[in-house]
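Asker: sequence first, predicted model second:
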Amino acid sequence: MLILCKAIGSDSYFEEAQKNKKRNKRKKKMKTRKEKILVIDDQEWVRAVLVAVLGSFGFQDIIQASSGEEGIQMIEKHQPRVTLTDFSMPGGMRGDALVRWFSTDHKPAYPEARIMGVASDDGSVGSAFLAAGADDFLPKPFENEELRKKVDALLAQADHVVGA
């Protein structure tokens, strides 16, 4: 049930997201999740997969950016509760630089905001994200359920900060 396939163009990740959505509706009316999530990735198909999978878990307010610079603009404009970012993107700003900006310039004013790196990992990418201040890291490819668990954990951390 991997959502990010090596074969670009495969529809299996969308099919799995649609199955999740139908399964959730059959169990009972799916809970609509109102938390705002930002997905930053230069590849449109990866953003589409993440949006579809997050949508299958009930998230409705999902915004997108295709570069680190555009991601900063979206963070400043929309104040997402959780940001998911890729590592290698065009435009000069890598994901770890975005995370560093987020941790030093944005998070002090919005301590409930969370950011997670989502990228292929050669052994150093996850470390680079965490060293830059990311709240978590999810290597690609990943299972849909692992994404849900990590996003839920980030939201629980955010809720703890707000409730404290």
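Answerer: Arrived safely, thanks for sending. No experiment lies behind these values; they were computed from the predicted model shown.
Asker: just read off the phi/psi values of residue 117.
Answerer: phi -80, psi 140 (degrees, to the nearest 10).
Asker: can you give me the buried ones in the host helix or strand of residue 160?
Answerer: Assigned by DSSP states H and E, residue 160 belongs to helix 144-163. The neighbour-count check on helix 144-163 (16 or more other Cβ atoms under 10 Å) flags 144, 147-148, 150-151, 154-155, 158 as buried. All C-beta atoms are positioned from the backbone trio N, CA, C, and that covers glycine.
Asker: again with stretch 43-55
Answerer: By neighbour count on 16+ other Cβ under 10 Å, the buried set for stretch 43-55 is 46-55.
Asker: can you check stretch 77-85 too?
Answerer: 80-85.
Asker: for stretch 52-69, same thing?
Answerer: Those would be 52-59, 62-69, for stretch 52-69 by 16+ other Cβ under 10 Å.
Asker: can you tell me which of these are in strands?
Answerer: 62-65 (DSSP state E).
Asker: can you redo those residues as JSON lines with distance to residue 132 and pLDDT?
Answerer: What follows is those, written out as JSON lines (distance: Cβ to Cβ, whole Å; pLDDT from 0 to 100):
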{"residue": "62", "distance to residue 132": "23", "pLDDT": "98"}
{"residue": "63", "distance to residue 132": "22", "pLDDT": "98"}
{"residue": "64", "distance to residue 132": "21", "pLDDT": "98"}
{"residue": "65", "distance to residue 132": "18", "pLDDT": "97"}
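Asker: wait, which of the buried residues of stretch 52-69 is closest to residue 138?
Answerer: residue 53 (11.6 Å; Cβ to Cβ).
Asker: mind checking how far the closest one is from residue 153?
Answerer: 16 Å (Cβ to Cβ, to the nearest Å).
Asker: the helix or strand bottoming out on mean pLDDT in the chain: what's the following helix or strand?
Answerer: Ranking every helix and strand in the chain by mean pLDDT, DSSP states H and E puts helix 12-27 at the bottom, with a mean of 59. As assigned by DSSP H and E, the chain's next helix or strand after helix 12-27 is strand 37-40.
Asker: if anything else comes up later, I'll come back, but that's it for now.
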